[in-house]
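1. For reference, the sequence and a predicted model appear below.
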Amino acid sequence: MTLTLSNIAKTFPDGTRALLPTDLEIGQGEIVSLLGPSGCGKSTLLRIIAGLETPDAGASVMFEGEDVTRQSVETRRIGMVFQSYALFPNMSVRGNIGYGLKMQKLGRAEIDARVNEVIALCRLDAQADRAITALSGGQRQRVALARAVAPRPRVLLLDEPLSALDAALRAELRDELALLLREFGITAIFVTHDQTEAMAIADRVAVMRQGEVAQIGTPEALYRNPATGFIARFIGDAMPLEGRIEADRLYMPGGVLDLPKSAEGHEVLVRPEDIRLDPDGPVAARVEAVTFLGTHYRLALAGATQGVIFALHTGLSAPRPGDDLRLSIASEALLILPRERTA
Ligand code: ATP
């Protein structure tokens with residue numbers, strides 16, 4: 001189903017402008033993530049799509065050309081998955097998944113067929129007759145997902161569905177969720193504040209900031225062509241290189257970098273993976289701290305620019321804290337972006 005949002009804004013009675021006028025078009029079967037820091041309006045936008053919150057006048061929410069702006073949550077035919085599973089603890093997996101179908105007054109055979117279908121899809125066969133209390137957190141979240149898709153919703157809305165799980169399980173379920181959502185083929189909107197999660201799961205990511213969609217695109221497009229420093233910081237952890245800019249050169253405390261283009265009035269950022277340790281490099285730095293992370297070392301470096309910057313270093317050994325070294329950064333790896341007021 002295609003979802004078309006036009007002029008969606010939300011001002012709460014206390015005057016809080018949670019959402020500024022927002023337009024968004026989501027294609028059939030597309031998975032879009034709403035990503036952004038706490039309080040940027042992600043949940044408000046999701047709740048408006050669900051029909052749990054009323055937008056300001058002038059908004060329109062269209063499901064496949066049908067105007068649902070004034071429809072209640074019950075009639076919109078959406079599926080929802082929340083951080084808290086909101087399952088019936090004493091009912092079996094099967095009972096939980098079939099509950100919504102019973103409410104729809106579907107026949108016994110139809111209910112059984114649909115429940116079996118999603119149980120197989122969500123790989124819950126072995127747990128189908130267990131009570132919810134006898135399941136792990138990951139299994140409970142799969143039941144919540146199965147229950148949401150069983151009634152064949154027009155759109156699936158997920159609000160931080162993985163954030164109650166521990167780190168290891170979260171990573172595992174993230175990949176599984178990405179596969180499952182594609183198997184369902186349902187249009188889905190996924191709210192998260194976790195960059196990795198958004199990139200792993202979504203076809204397109206809408207990065208939100210202060211009630212606005214700051215940029216929307218595929219994870220790769222956002223990483224390669226961030227529109228602003230905020231996006232570059234949020235997607236791929238870019239760090240600002242402070243210094244004096246004169247045409248296409250950046251004069252930092254540790255040395256001078258050639259820029260790919262004139263950058264006056266802009267800010268220059270770099271990502272940790274683009275900083276090289278290079279004895280002949282143009283920038284001097286001192287190692288503040290070294291963290292070994294298995295696949296690479298993460299070096300905290302002072303003296304190159306105003307603040308501390310981080311570099312990823314692969315190899316069998318790394319410099320030590322206190323070492324002086326030199327860095328190079330390929331000029332095409334530098335991000336030259338419009339300077340913006342930081343919030
Ligand atoms: P989080 O990740 O912390 O859940 P979010 O991006 O989902 O944040 P929202 O919950 O959409 O953010 O909230 C957006 C803004 O609207 C916040 O400033 C919040 O304090 C405010 N807000 C939310 N609900 C209300 C309300 N009922 N009345 C007044 N302000 C509200």
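-> The structure has been received and is ready for your questions. Numbers count the residues shown, from 1 in each chain.
2. dump the residue contacts of the residue in the stretch 51-200 of the chain that the ligand sits nearest to.
-> Nearest residue of the stretch 51-200 of the chain to the ligand (C-beta to the nearest ligand atom) works out as His193 at 5.2 Å. Where you see a C-beta, it was placed from the backbone N, CA and C, and this is true even at glycine. By C-beta atoms under 8 Å, 6 or more residues apart in numbering, His193 lies in contact with Leu35, Gly36, Pro37, Ser38, Lys42, Glu160.
3. do Tyr99 as well
-> Phe88, Met91, Arg147.
4. Please pick the buried ones from those.
-> Arg147 (16 or more other C-beta atoms under 10 Å).
5. re the thing from before, just give me the closest of the contacts of His193 to Met208.
-> Comparing these against Met208 with C-beta to C-beta places Gly36 closest, at 3.5 Å.
6. Please name the nearest non-neighbouring residue to that closest one.
-> In this structure, Gly36 finds its nearest non-sequential neighbour in Met208, 3.5 Å apart by C-beta to C-beta, 6 or more residues apart in numbering.
7. Repeat that for Tyr223.
-> That would be Gly236: by C-beta to C-beta, 6+ apart, it lies 5.0 Å from Tyr223.
8. Could you report the pLDDT at that neighbour?
-> Confidence at Gly236, expressed as pLDDT, is 92.
9. What is the burial count for it?
-> 20 (other C-beta atoms under 10 Å).
10. if I read this right, it contacts Arg224, doesn't it?
-> No: using C-beta atoms under 8 Å, Gly236 is not in contact with Arg224, being 9.1 Å away.
11. In this protein, where's the longest helix?
-> helix 167-184 (DSSP state H).
12. And that helix, how far out from the chain middle?
-> Computed by C-alpha atoms, centre = their mean, to the nearest Å, the separation of helix 167-184 from the middle of its chain amounts to 13 Å.
13. so how many other residues sit close to the nearest residue to Phe184 once chain neighbours are set aside?
-> Once flanking residues are discounted, Phe184 sits nearest to Val149: 5.4 Å by C-beta to C-beta, 6+ apart. By other C-beta under 10 Å, 23 other residues sit near Val149.
14. do Gly294 as well
-> By other C-beta under 10 Å, neighbour count at Gly294 equals 5.
15. just so I have it, where are all the strands in the stretch 1-150 of the chain?
-> 3-11, 17-26, 31-35, 60-63, 66-67, 78-82 (DSSP state E, counting those that start in this stretch).
16. Pull the residues that contact the helix or strand of the chain with the lowest mean pLDDT.
-> Lowest by mean pLDDT, DSSP states H and E among the helices and strands of the chain is helix 167-184, with a mean of 85. Contact with helix 167-184 is made by 31, 121-122, 136-138, 141-142, 145, 149, 156, 161-163, 165, 188, 190, 196-197, 200-201, as judged by C-beta under 8 Å, 6+ apart.
17. So for the helix or strand following it, mean pLDDT?
-> Where DSSP states H and E defines the elements, the next helix or strand beyond helix 167-184 is strand 187-192. Here strand 187-192 scores 95 as its mean pLDDT.
18. How about stretch 79-98?
-> Taken as a whole, stretch 79-98 has a mean pLDDT of 88.
19. Can you measure across it, start residue to end residue?
-> 14 Å (C-alpha to C-alpha, to the nearest Å).
20. Name the residues of it that are buried.
-> Result for stretch 79-98 [16+ other C-beta under 10 Å]: buried residues 79-83, 85, 87, 92-98.
21. residues in contact with it?
-> 50, 99, 111-112, 114-115, 118-119, 124, 127-133, 135, 140-141, 143-151, 153, 155-161, 163-164, 186.
22. and that stretch, is it in reach of the ligand?
-> No: using C-beta under 6 Å from any ligand atom, stretch 79-98 never reaches the ligand; the gap is at least 9.5 Å.
23. Count the neighbours of Thr295 for me.
-> 7.
24. If you could redo that for Gly100, that was the one I meant.
-> 17.
25. Also compute the angle for the longest helix of the chain relative to strand 187-192, please.
-> Using axes from the mean of the first three to the mean of the last three C-alpha atoms, to 10 degrees, the direction of helix 167-184 lies 160 degrees away from that of strand 187-192.
26. the inter-axis angle of helix 167-184 versus strand 31-35?
-> 140 degrees.
27. mind listing what Arg271 touches?
-> Ala232, Gly236, Asp237, Ala238, Met239, Ala333, Leu335.
28. if I look at it, how far off is Thr44?
-> Taking C-beta to C-beta, to the nearest Å as the measure, Arg271 falls 31 Å from Thr44.
29. do the same with Gln306
-> For Gln306, the distance to Thr44 - C-beta to C-beta - is 36 Å.
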